[in-house]
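Asks: got a predicted structure plus its sequence, pasted below:
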Amino acid sequence: MNVLAVIPARGGSKGIPRKNLRILAGKPLICYALENAKKSVYITDIVVSSDNAEILELAQKYDIFPLWRKTELAQDTVTLDPVIYDAVMAMEAKRNITYDIVITMQPTSPLLHFSTLDSGIAAFLEDDKDSYISVVNRPHLSWRKSEGRFVPNYARRLNRQQLDPMYFETGAFFISRRNKICENDRLGKNVSIYEIPENESIDIDTPEDWLLCEHILLQKTVCFYINGENKEETISFAVACRNLAYHLTTCKIFFACSSPFPEVQTLLKNSFFKFKIVA
């Protein structure tokens, strides 16, 4: 099974200048996609298509093939379809092979975990679809404009949890069968979606997206360990830790408890934080 990952990365960006090369939580944004592709157990070849020499040099440092993108494919109005087709044709000529699967990985999804990528590929290989698009489910009350009027996209106003699923594409990955890739298409007719976790779904397009991703990537993890032989003192300590945890709103909180007192365990379970009893 020959599986090619294509990472399209232009040097220019209007929303965030030099976006793909800017440092996000300690390394250039594009490095997250490069590393995910390298860690995949399914991907056999990787190519970076770019019009920027610095990006291509960075790809080479990761032992990834750099492909100089033609000027006519580096314009703002050009879609990704001809870019991916050009990369596939170039790699097939270089390797003298035909790929079975082609995966588009945009470098703007730094929160994607390689295990999620591989889960999507595994599901695709077991399916008969022409393509998979990574999506996130975000059901919301929404409206559209039709014939000069604003009309709802729902029949009844419900709480978000009760609404029908609403799937939004992410830039995480786009999996296609090679025989469905041509200069103006990667979809085919038999298309499906692959839902990824909300916390991996941000596709950086605005400075606000960047700030949120950086916060998540740099987020601290705090674990409170609760233990004690005196029941009242242990309960008091657990309450103090729980109250402190409520103030650490920007951290990931975990509780580990080896206290034998059921009251302590119940208190921690009801704190709404992740909780585990340890020996």
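Replies: Yep, that arrived.
Asks: tell me which element residue 122 is part of?
Replies: For residue 122, the element it lies in under DSSP states H and E is helix 114-125.
Asks: got the contact list for that helix?
Replies: Residues outside helix 114-125 that contact it (Cβ atoms under 8 Å, 6 or more residues apart in numbering) are 1, 3, 35-37, 39-43, 101, 103, 105, 132, 134, 172-173, 175, 194, 196-197, 200. From N, CA and C alone the C-beta is placed, and that goes for glycine too.
Asks: for stretch 169-188, same thing?
Replies: Contacts for stretch 169-188 (Cβ under 8 Å, 6+ apart): 80-82, 84-85, 88, 98-106, 108-109, 112, 116-117, 120-121, 124, 129-136, 194, 196, 200-203.
Asks: buried residues in the helix holding residue 122?
Replies: Buried residues in helix 114-125, defined by neighbour count with 16 or more other Cβ atoms under 10 Å: 114, 116-118, 120-121, 124.
Asks: in strands, which of the contacts of stretch 169-188 fall?
Replies: Per DSSP state E, strands hold the following members of the contacts of stretch 169-188: 101-104, 131-136, 194.
Asks: contacting residues for residue 222?
Replies: Counted by Cβ under 8 Å, 6+ apart, residue 222 has contacts 245, 248, 251-254.
Asks: nearest to residue 223 among those residues?
Replies: For these, the residue nearest residue 223 by Cβ to Cβ is residue 254; the value is 4.5 Å.
Asks: that older thread, which among the contacts of helix 114-125 count as buried?
Replies: Buried members of the contacts of helix 114-125, counted by 16+ other Cβ under 10 Å: 3, 36-37, 40, 42-43, 101, 103, 105, 132, 134, 172-173, 175, 194, 196, 200.
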